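In: Sequence below, structure please.
(one chain, ligands or ions: 4)
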Amino acid sequence: ERIAGRNSVLLPGFVDMHTHLREPGREDTETIASGSAAAALGGYTAVFAMANTDPVADNSTVTDNVYRTGREVGLVDVHPVGAVTVGLQGKQLAEMGMMAAGAAKVKMFSDDGKCVDDPLLMRRALEYAKGLDVLIAQHAEEPRLTVGALAHDGPTASRLGLAGWPRAAEESIVVRDALLARDAGTRVHICHASTEGTVELVKWAKAQGISITAEVTPHHLLLTDARLETYDPVNKVNPPLREERDNLALRRGLADGTIDCVATDHAPHAAQEKCCEFSVARPGMLGLETALSIVVETMVNTGLLDWRGVAKVMSERPAQIVGLTDQGRPIAVGEPANLTVVDAEASWTVTADDLASLSRNTPYADMTLPATIRATVLRGAVTAYEGSVRR
Ligand code: NCD
Ligand code: ZN
Ligand code: ZN
Ligand code: ZN
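Out: Ligands and ions are numbered 1, 2, ... in the order given. Predicted coordinates:
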């Protein structure tokens, strides 16, 4: 089958460490099938499905079901992320060992979308994770520093009376958990780094020899809080859109390896959860189908990364961090391939209704973006080709 064409760039299949599929619980906003289609169209061959589903993925029944459903759909490898604690406001550690030992072989646990604010609980989680050799991914918010449910910060947000999630809420957790990981002798991963200060702190921690890694989302590379002017709830996200100096620090950090990888934090929400007043709208934006284009816009077209660098931040580093052995590396002769073919010269205009996601909350609607995914190949089979999913 001929899938390459002019201007094609061949990359290892992308690995997303941070995706919210809404199954079980909110299948009206995303299912494992619809999210897998979005992932394949975005060039992904593996995604890590966050644990804040309903019921929460805090036991092996849920994690094994998510894994099996992902396999049945067959468009992308769906690796469930386990919850660190039991329930949504958990005060008790989940049985991470049971999830790690189940069919899904859970490799990563997180408090994303269900914050663990108790430092002693996080310390015990890191110690437990060390024994299991699994990764803890930290949502990085100190909720006692966050005002109400307003996921916003920065000059525009303050002027509009929306300041909600200050830099200190993120950075204090980055420091705290870097030190906890140091003392526990284990690793910690920072989800959706969003501030200049976080980049500096991660750099500092790495220089101390602490096993810390960090991801950045496409929207925190590109968008700023200037968007809040319109009060459009599509721009409401955790952590909030910040300032240009943050975009630039995150881009530099991604280019120099301080920030390890790009993760989408794809967070589908129903129209009725995104049309209401800003303060009550749900936080989160779609990301899977636009991620590569935003990385090209912010990192390649600015000269900060070449295509080798794109392979690293979209595929190789995330696969290494989570310990996927079948992704993000060169393909041996005769081995079924996980890869993505990009049309580097093409551009496209985002139409929310045309996305494969069941939700419409893209912040890039009507924007023209560079680069398209020509084809995605999972274990030798084409999963997406020229904008259509192959089943
Ligand atoms: C996430 C979601 O919708 O599940 N939203 C987001 O804005 N990133 C959860 C969260 O991180 O708050
Ligand atoms: Zn989060
Ligand atoms: Zn947290
Ligand atoms: Zn998230």
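In: what's the burial count for the residue of the stretch 201-350 of the chain found nearest ligand 4?
Out: Closest contact between the stretch 201-350 of the chain and ligand 4, by Cβ to the ion, is at Asp265 (4.3 Å). C-beta: built from backbone N, CA, C; applies to glycine. Using other Cβ atoms under 10 Å, Asp265 has 30 neighbouring residues.
In: and what of Glu277?
Out: By other Cβ under 10 Å, neighbour count at Glu277 equals 8.
In: Tell me who's in contact with the residue of the stretch 201-350 of the chain closest to ligand 4.
Out: His18, Thr19, His20, Cys191, His192, Thr217, His219, Val237, Gly284, Met285, Gly287 (Cβ atoms under 8 Å, 6 or more residues apart in numbering).
In: Against ligand 4, how distant is the residue lying closest to the second one once chain neighbours are set aside?
Out: Meaning Thr19. Using Cβ to Cβ, 6 or more residues apart in numbering and skipping residues adjacent in sequence, the residue nearest Thr19 is Val47, 4.2 Å away. Taking Cβ to the ion, to the nearest Å as the measure, Val47 falls 12 Å from ligand 4.
In: quick one: contacts of the one helix or strand Val47 maps to?
Out: Secondary structure from DSSP states H and E places Val47 in strand 44-49. Strand 44-49 is contacted from outside by 13-21, 32, 35-36, 39, 57, 66, 70, 76-81, 108, 288, 319, 322, 324, 327, 338-340, 376-378, 383, using Cβ under 8 Å, 6+ apart.
In: now, which of these lie within helices?
Out: Ile32, Gly35, Ser36, Ala39, Val66, Gly70, Ala319, Val322 (DSSP state H).
In: Mark which of these are buried, thanks.
Out: For those, a neighbour count by 16 or more other Cβ atoms under 10 Å gives the buried set as Ile32, Gly35, Ser36, Ala39, Val66, Gly70, Ala319, Val322.
In: neighbours around the residue nearest to the fourth one when sequence neighbours are not counted, how many?
Out: Looking back up the chat, that one is Ala39. Closest residue to Ala39 apart from its sequence neighbours, by Cβ to Cβ, 6+ apart: Val76 at 4.3 Å. Neighbourhood size, Val76 [other Cβ under 10 Å]: 31.
In: One more: the one 10 residues further on?
Out: Using other Cβ under 10 Å, Val86 has 15 neighbouring residues.
In: I'd say it and Ala94 touch.
Out: Yes. Val86 is in contact with Ala94 according to Cβ atoms under 8 Å; the separation is 5.2 Å.
In: what sits in contact with each of these two?
Out: Common neighbours of Val86 and Ala94 (Cβ under 8 Å, 6+ apart) are Asp58.
In: Thr31 and ligand 1, how far apart?
Out: 15 Å (Cβ to the nearest ligand atom, to the nearest Å).
In: number of nearby residues for Met367?
Out: 15.
In: How about it, nearest residue that isn't a chain neighbour?
Out: In space, Met367 is closest to Val350, 5.5 Å off (Cβ to Cβ, 6+ apart).
In: near ligand 1, which residues of this structure?
Out: Within reach of ligand 1 by Cβ under 6 Å from any ligand atom, the chain has these residues: His20, Asn52, Asp112, Gly113, His139, Val237, Asn238, Asp265, Ala267, Pro283, Gly284.
In: Tell me where the chain has strands.
Out: Along the chain, the segments classed as strands by DSSP state E run 8-12, 14-19, 44-49, 77-80, 82-83, 108-110, 135-138, 188-190, 212-216, 261-262, 339-349, 368-378, 381-385, 388-389.
In: quick one: the closest residue to Ala94 other than its chain neighbours from ligand 1, how far?
Out: Leaving aside its sequence neighbours, Ala94 sits nearest to Asp58 (Cβ to Cβ, 6+ apart; 4.2 Å). For Asp58, the distance to ligand 1 equals 15 Å [Cβ to the nearest ligand atom].
In: residues from the chain in reach of ligand 2?
Out: Asp112, His139 (Cβ under 5 Å from the ion).
In: circling back to that earlier point, I'd like the C-alpha coordinates of the strand holding Val47 written as PDB, please.
Out: Presented in PDB, the C-alpha positions along strand 44-49 are these (Å, rounded to 0.1, in the frame of the first residue of the first chain):
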ATOM      1  CA  TYR A  44      -1.300   8.600  17.900                       C
ATOM      2  CA  THR A  45      -0.600   4.900  18.300                       C
ATOM      3  CA  ALA A  46      -0.900   4.800  22.100                       C
ATOM      4  CA  VAL A  47      -2.800   6.900  24.600                       C
ATOM      5  CA  PHE A  48      -3.000   6.900  28.400                       C
ATOM      6  CA  ALA A  49      -6.600   7.300  29.500                       C
END
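In: Cool, thanks, talk later.
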